[in-house]
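>>> using only what follows, build the 3D model:
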Amino acid sequence: MDPVVMVGIVGSGNIGAGVARMATAADLPVVVANSRGPETLDALISELGPSATAATVEDAVARADLVVLALPFGASAALPAASLSGKVVIDATNYYPDRDGHVPALDAAELTSSELLARQWPDAQVVKGLNNVDFLHLPMLPRPAGADDRTALPIAGDDGDAKARVVTFLDAIGFDALDLGALAEGWRSQPGSPVYVTPYYRESDEPDLDPRQRFMTAEPTPVPLETARALASEATR
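The predicted structure follows:
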């Protein structure tokens, strides 16, 4: 599989910035975009260094051969389908109805949130991924290939070549990939599933900490491939 040439990251919040940091640390060029415009990204681009640039959403998608959606699920529908045509898209979004508004088909589990996006973008190759670890601990977990404590992240998608590109990208930034199968299987890594967020950190036992302090001081916990596979297999709908 050819290496990733340019990573386009749509969204500059905690997850988007974290993925950008991991990508540039792996010597991958990135172009970052957000809804507020490239002029708002000066500080992040300066931090990331010369392999990172800022652009509008349209330009970032056009320049990228791998697009990472790192924004709220509800905002994803606004992305124009034409701009994503032919692109491999990592859907790192998660559906939270209280934030995104209720979508009856998702509430009824008739399809996954990634399947819904794939229907909106029929000419894109959507792969679910980078959605099941919190923003704080995800950048702490990359390890070299072959490391005993390398973490695995689940992916799901219908296009084998697209998934192979995502596996290559995840490997480059320090992760193994757990292939859940078709995009319809992405529910196994959605909010509330056994492999979602909580296995990837360990909270302090300090009794005087409030919940936010417990989270912010939690230690990252590597989740190897077979552990991730076992957790995903425990998921129920």
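
>>> distance of residue 37 from residue 25?
Note on residue 37: its distance to residue 25, by Cβ to Cβ, to the nearest Å, is 26 Å. Glycine gets a C-beta too; all of them are placed from N, C-alpha and C.

>>> between these two, which has more neighbouring residues?
residue 25 (16 against 12; other Cβ atoms under 10 Å).

>>> relative to the whole chain's centre, how far out is the helix or strand where residue 53 lies?
Per DSSP states H and E, residue 53 falls inside strand 52-54. Relative to its chain's centre, strand 52-54 lies at 19 Å (Cα atoms, centre = their mean, to the nearest Å).

>>> got the contact list for residue 160?
Residue 160 sits next to no residue when contact means Cβ atoms under 8 Å, 6 or more residues apart in numbering.

>>> what about 10 Å?
Applying Cβ atoms under 10 Å, 6 or more residues apart in numbering to residue 160 gives the contacts 125, 179.

>>> gap between it and residue 181?
Separation of residue 160 from residue 181 (Cβ to Cβ): 11 Å.

>>> and residue 225, by the same measure?
Noted for residue 225: a distance of 15 Å to residue 181, by Cβ to Cβ.

>>> next: residue 26.
Counting by Cβ to Cβ, the gap from residue 26 to residue 181 is 27 Å.

>>> ok, now which ones touch residue 153?
Contact analysis of residue 153 by Cβ under 10 Å, 6+ apart lists 129-133, 138, 141, 166-167, 170, 173, 175-178, 189, 195, 200, 223, 225, 228.

>>> at 6 Å what do you get?
Counting by Cβ atoms under 6 Å, 6 or more residues apart in numbering, residue 153 touches residue 175.

>>> is it correct that it falls within a strand?
Yes - counting by DSSP: H, G, I helix; E, B strand; the rest coil, residue 153 is part of a strand.

>>> the strand or helix carrying residue 44 packs against which elements?
For residue 44, the element it lies in under DSSP H and E is helix 42-48. Other helices and strands packing on helix 42-48, by 3 or more Cβ pairs under 6 Å, 6 or more residues apart in numbering; DSSP states H and E, are helix 14-25.
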